[in-house]
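*Asks:* dropping a prediction and its sequence here:
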Amino acid sequence: MSAIWARYNQMLDAQPLLTKALTSLCGFSIGDVLAQKFINDDGKPYDVMRTIRLGSFGFLLHGTTGHYFYGFLDSKMPGTKPVTVATKVAIDQTIWNPIFGCMFFGYLNVVEGKTWNDYTTKIKADLKTAVMGSWAVWVPAHTINFAFIPPSQRLLYINSIQIGYNVFLSFLGNKKADEGEKEL
């Protein structure tokens, strides 16, 4: 196990953006597989294309934007003092979180060939749920992240937690936008 960890850190030093993108590819793919196998109760067979869509989101957007966003945040607010940690968590959850949600739903919308109207409907139906749902997970997770995790390891830590959170995102991202309205 220590050899795998050492190799991961070598890759992170040599190619941080690619390593973080690949880590996010794994996290999003595993989260979707778990969602399809254990959460979705719709009787549908496993959808490999759905996993590819979510994995590619992790690779193309989550890993890359996370690398730059958290790098920027750490460069502007270095340190682990409680006020710094609280400020980073607040910025992450009030600014980055809604942007991330729009990117997530937008990416799925594009790769599924949906319309702009479908996207705006999805945002209206599910962005608030995604943002507020993330608070229960990411406020405590990022408090630990910004206080104790070395900056180079932040995305790995996030992706470790993201696997479980991706089960929620996978479910939310793949439910029809009008399903929530029917339940009301």
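*Replies:* Looks like it came in fine. In this text the structure is predicted, and so the values were computed from the model without any measurement. Residues are numbered from 1 along each chain as shown.
*Asks:* low-confidence ranges in the chain?
*Replies:* 173-174, 177-184 (pLDDT under 70).
*Asks:* tell me where it has helices.
*Replies:* Along the chain, the segments classed as helices by DSSP state H run 2-14, 16-34, 48-57, 63-76, 82-91, 97-111, 116-148, 154-174, 179-183.
*Asks:* for Asp42, which of these is the nearest?
*Replies:* Checking those against Asp42 by Cβ to Cβ gives helix 154-174 as the closest, at 9.7 Å. In short, each C-beta sits where N, CA and C put it, glycine included.
*Asks:* which residues touch that closest one?
*Replies:* Outside helix 154-174, the residues that touch it by Cβ atoms under 8 Å, 6 or more residues apart in numbering are 8, 12, 20, 23-24, 26-28, 30-32, 34-36, 38-40, 50, 54, 58, 62-63, 66-67, 70, 74, 104-105, 108, 126, 129-130, 133-134, 137-138, 141, 144-145, 149.
*Asks:* mind putting the helices of the chain into a markdown table with mean neighbour count?
*Replies:* What follows is the helices of the chain, written out as a markdown table (neighbours: other Cβ atoms under 10 Å):
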| stretch | mean neighbour count |
| --- | --- |
| helix 2-14 | 11 |
| helix 16-34 | 22 |
| helix 48-57 | 18 |
| helix 63-76 | 17 |
| helix 82-91 | 15 |
| helix 97-111 | 18 |
| helix 116-148 | 16 |
| helix 154-174 | 20 |
| helix 179-183 | 9 |
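*Asks:* so Pro151 sits against His67, correct?
*Replies:* No. Taking contacts as Cβ atoms under 8 Å, Pro151 lies outside contact range of His67: 10.6 Å.
*Asks:* roughly how far apart are the closest residue to Ile30 other than its chain neighbours and Asn109?
*Replies:* Spatially, and ignoring its direct neighbours in sequence, Ile30 is nearest to Ile163 (5.1 Å; Cβ to Cβ, 6 or more residues apart in numbering). According to Cβ to Cβ, to the nearest Å, Ile163 and Asn109 sit 23 Å apart.
*Asks:* for Ala35, give me its contacts.
*Replies:* Asn166, Val167, Ser170, Phe171.
*Asks:* what distance do you get for it to Val167?
*Replies:* Going from Ala35 to Val167 by Cβ to Cβ gives 4 Å.
*Asks:* can you check Pro82 too?
*Replies:* 31 Å.
*Asks:* now swap in Ala90 and tell me
*Replies:* Taken as Cβ to Cβ, the span from Ala90 to Val167 is 26 Å.
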